[in-house]
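Visitor: missing the sequence, but the structure's below:
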């Protein structure tokens with residue numbers, strides 16, 4: 001299994017992946033998708049559907065260098081043509097691990113991942129400040 005598929009497997013196990021056309025459509029409509037993945041041997045119709053899901057948004061979509069069977073095996077299914085990763089740092093790691101990486105997707109995800117890390121730091125600081133305020 002290649003590294004990108006390992007990240008897809010981790011995302012599924014962590015609950016950070018939506019698998020299949022309908023769940024991917026729903027999560028992209030809500031704007032919660034960080035990255036949409038399409039298998040290399042998926043039909044042109046599937047590719048066009050994925051493109052329509054992300055139209056007018058900043059969500060990148062890439063053709064993963066893996067077949068439907070390989071993507072399916074990574075997530076415990078027979079075949080998988082389309083998936084969405086909802087965690088920006090994980091999506092960035094996956095996009096960078098794809099061989100060769102998609103430069104446009106990596107660039108878009110780097111800024112998303114940085115914003116995500118900043119929000120996590122701010123939330124942690126906020127919780128720390130709340131706890132400090134209760135102790136007084």
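Guide: Yes, it's here. Predicted, not measured: the structure shown is a model, and the values here were computed from it. Residues are numbered from 1 along each chain as shown.
Visitor: got the phi/psi numbers for the residue sitting nearest the centre point of the chain?
Guide: Among the residues of the chain, the one closest to the centroid is residue 85, at 2.1 Å (Cα atoms, centre = their mean). Dihedral pair for residue 85: phi -100, psi 130, per degrees, to the nearest 10.
Visitor: average pLDDT for the helix or strand encompassing residue 127, rounded please.
Guide: Here residue 127, judged by DSSP states H and E, is contained in helix 103-135. When pLDDT is averaged over helix 103-135, the result is 88.
Visitor: picking that back up, check what pLDDT the residue nearest to the centre of the chain gets.
Guide: In this model, residue 85 is scored at 97, pLDDT.
Visitor: distance of residue 13 relative to residue 76?
Guide: Counting by Cβ to Cβ, to the nearest Å, the separation of residue 13 from residue 76 is 9 Å. The C-beta positions use only the backbone N, C-alpha and C, and glycine is treated the same way.
Visitor: and if you look at residue 133?
Guide: Residue 133 sits at a distance of 45 Å from residue 76 (criterion: Cβ to Cβ).
Visitor: ok, the two, which is more surrounded?
Guide: residue 76 (11 against 8; other Cβ atoms under 10 Å).
Visitor: please enumerate the helices of the chain.
Guide: Using DSSP state H, the helices found in the chain span residues 3-13, 21-29, 44-54, 68-75, 88-97, 103-135.
Visitor: wait, residue 36 sits on residue 81?
Guide: No. Assessed by Cβ atoms under 8 Å, residue 36 is found out of contact with residue 81, at 11.4 Å.
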